[in-house]
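Asker: quick check, what structure comes out for this input:
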Amino acid sequence: MKKTLLYLVTGLLSSPTFADARFVPAKLLTHNDSGPHSSALEYTRREHWALVDYVVDEQGQSIHILVEGSSPRLAHRAQSVLSQRTYEPARLDGKAVASSKQIPMHFNKAFRRFNNDNVSTVFAKYFDEAKRLVVSNQMTKAKPALDSLVEDYTKNLTEQAYTAWLLSAYYYNVQDWHQYEYHLREAVQLRKLLTPDMALMATQSLMNLEVYKKQYGDALQTLVCMEQIKGKQLSKQTVREFKGQLQAQLADNPVITVSAKLTELRTWRHTLNRSTISFSTENGNVSTAALYCENGYQRFSELPVKNYQVPETYGSCYLAVQGETDTQITYREEGDARFGLYL
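Answerer: Next comes the predicted model:
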């Protein structure tokens, strides 16, 4: 795979700016959940996570809920959490509008006699051994060691974060790009549980992958994620320079085509760079394909989609797709630039 080199320096990361103050995002008013959601799906140390896309409607209720996560049982639980939340709806020119949001959820476990945080001594032993095999390029031996690490010793979310990080390194070395991206995205999703150096490495790797695949809007969002990595913040100048690089690459690519392969329980997302989109599928079925936007939501009930013109009034948008494992997606966008578009 072609490597994209992005040089990052330490400093202060600026928060996103909005081109027009007429738009006010939805604001959480009440909720009955506090922090991690503690309950057991199984009687083990295993914990779970979810990443949820949804829309806050004009009445402040959560609708169009799409859940990805580490277990098929999480959809109902995530919907239950959102049902306990009340929002002040987003407003555009003073009028209530439906607006998309996204929330990560961690379903942790608490036990009376011991703490389930951090990694266990047994996990650390087998993680270090598997890591040694990957680093020394002993891939034949590394695979069974990693399989054992996943099946026998990876339980809580911190251990899942470490394992996802190591699996991404393994699949990078064996050049299985689908599995590489799958585990890399999980590591970035759980980056706050990694060491700062591991979190930075995973985030930079995902950003490079997104640039290589011409997912420039997603690469910019991944850069913003670095704001959350302790001691690894970026200067305003670095952010401006990187955004300029992305804009230049977008200008050089008036038509962008992205191919992807779906995995069950996971959502494929693409932040729109241009205004006219088309996409189709092969070798499988899609259960959900929808645009989640600052000021709108559009579900596509029939595929393929050909030359759909995204309204500028929607503001920033991303396409979210779920379906059967190994379903192939071909996505194409052209037309006016929407990169960095905010209401």
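Asker: list of residues touching the helix or strand containing residue 140?
Answerer: Using DSSP states H and E, residue 140 sits within helix 139-148. By CB atoms under 8 Å, 6 or more residues apart in numbering, the residues outside helix 139-148 that reach it are 126, 129, 130, 133, 134, 163, 166, 167, 170, 173, 174. In short, each C-beta sits where N, CA and C put it, glycine included.
Asker: repeat that with 10 Å
Answerer: 126-127, 129-136, 138, 149, 154, 163, 166-167, 169-171, 173-174 (CB atoms under 10 Å, 6 or more residues apart in numbering).
Asker: does the nearest residue in space to residue 189 that is not next to it in sequence count as helix, strand or coil?
Answerer: Sequence neighbours aside, residue 51 is the residue nearest to residue 189 in space, at 6.2 Å (criterion: CB to CB, 6 or more residues apart in numbering). Per DSSP: H, G, I helix; E, B strand; the rest coil, the local secondary structure of residue 51 is strand.
Asker: near residue 309, how many other residues are there?
Answerer: 10 (other CB atoms under 10 Å).
Asker: what's across from it in the sheet?
Answerer: residue 276 (DSSP bridges).
Asker: okay, it and residue 298: tell me how far apart.
Answerer: Separation of residue 309 from residue 298 (CB to CB, to the nearest Å): 11 Å.
Asker: buried residues, the helix holding residue 140. List them.
Answerer: Applying a neighbour-count criterion of 16 or more other CB atoms under 10 Å, one finds 142, 145, 146 buried in helix 139-148.
Asker: closest one of those to residue 227?
Answerer: Of all the buried residues of helix 139-148, the one with the least separation from residue 227 (CB to CB) is residue 146, at 31.0 Å.
Asker: quick check: closest non-adjacent residue to residue 55.
Answerer: residue 64 (4.3 Å).
Asker: helices and strands around the host helix or strand of that neighbour, which ones?
Answerer: Per DSSP H and E: residue 64 is located in strand 62-69. If you count contacts as 3 or more CB pairs under 10 Å, 6 or more residues apart in numbering; DSSP states H and E, strand 62-69 packs onto strand 48-56, helix 74-83, strand 99-107, helix 177-189, strand 268-271, strand 286-293, strand 296-299, strand 317-323.
Asker: dump the ones you listed to a markdown table, plus mean pLDDT.
Answerer: Below are those laid out as a markdown table (pLDDT from 0 to 100):
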| stretch | mean pLDDT |
| --- | --- |
| strand 48-56 | 96 |
| helix 74-83 | 88 |
| strand 99-107 | 94 |
| helix 177-189 | 97 |
| strand 268-271 | 98 |
| strand 286-293 | 97 |
| strand 296-299 | 97 |
| strand 317-323 | 97 |
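Asker: for stretch 83-97, the distance to its chain's centre please.
Answerer: 24 Å (CA atoms, centre = their mean, to the nearest Å).
Asker: list the contacts of that stretch.
Answerer: So stretch 83-97 is contacted by 20, 22-33, 54-62, 65, 98-101, 103, 294-296, 313, 315, 343 (CB under 10 Å, 6+ apart).
Asker: quick one, which of those residues are buried?
Answerer: Judged by 16+ other CB under 10 Å, buried ones among the contacts of stretch 83-97: 23-26, 54-57, 60-62, 98-101, 294-296, 315, 343.
Asker: residues in contact with the residue nearest to residue 189?
Answerer: 66-70, 74, 78, 102-105, 185-186, 189, 266-267, 269.
Asker: in ChimeraX, how would I select the buried members of those?
Answerer: Buried residues among the contacts of residue 51 (16+ other CB under 10 Å), as a ChimeraX selection:
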select :66,67,68,69,70,74,78,105,185,186,189,266,267,269
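Asker: pLDDT on the helix holding residue 140, on average?
Answerer: The average pLDDT within helix 139-148 is 98.
Asker: list the buried ones in stretch 308-320?
Answerer: Within stretch 308-320, the residues scored as buried using 16+ other CB under 10 Å are 310, 314, 315, 316, 317, 318, 319, 320.
Asker: ok, for the third one, nearest residue in space, not its chain neighbours?
Answerer: Sequence neighbours aside, residue 294 is the residue nearest to residue 315 in space, at 3.3 Å (criterion: CB to CB, 6+ apart).
Asker: separation between the closest residue in space to residue 181 that isn't next to it in sequence and residue 88?
Answerer: Using CB to CB, 6+ apart and skipping residues adjacent in sequence, the residue nearest residue 181 is residue 209, 6.3 Å away. Separation of residue 209 from residue 88 (CB to CB) stands at 37 Å.
Asker: I'd like the helices and strands packed on strand 62-69 written out as CSV, with distance to residue 227 added.
Answerer: What follows is the helices and strands packed on strand 62-69, written out as CSV (distance: least, CB to CB, whole Å):
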stretch, distance to residue 227
strand 48-56, 18
helix 74-83, 25
strand 99-107, 15
helix 177-189, 13
strand 268-271, 17
strand 286-293, 22
strand 296-299, 27
strand 317-323, 19
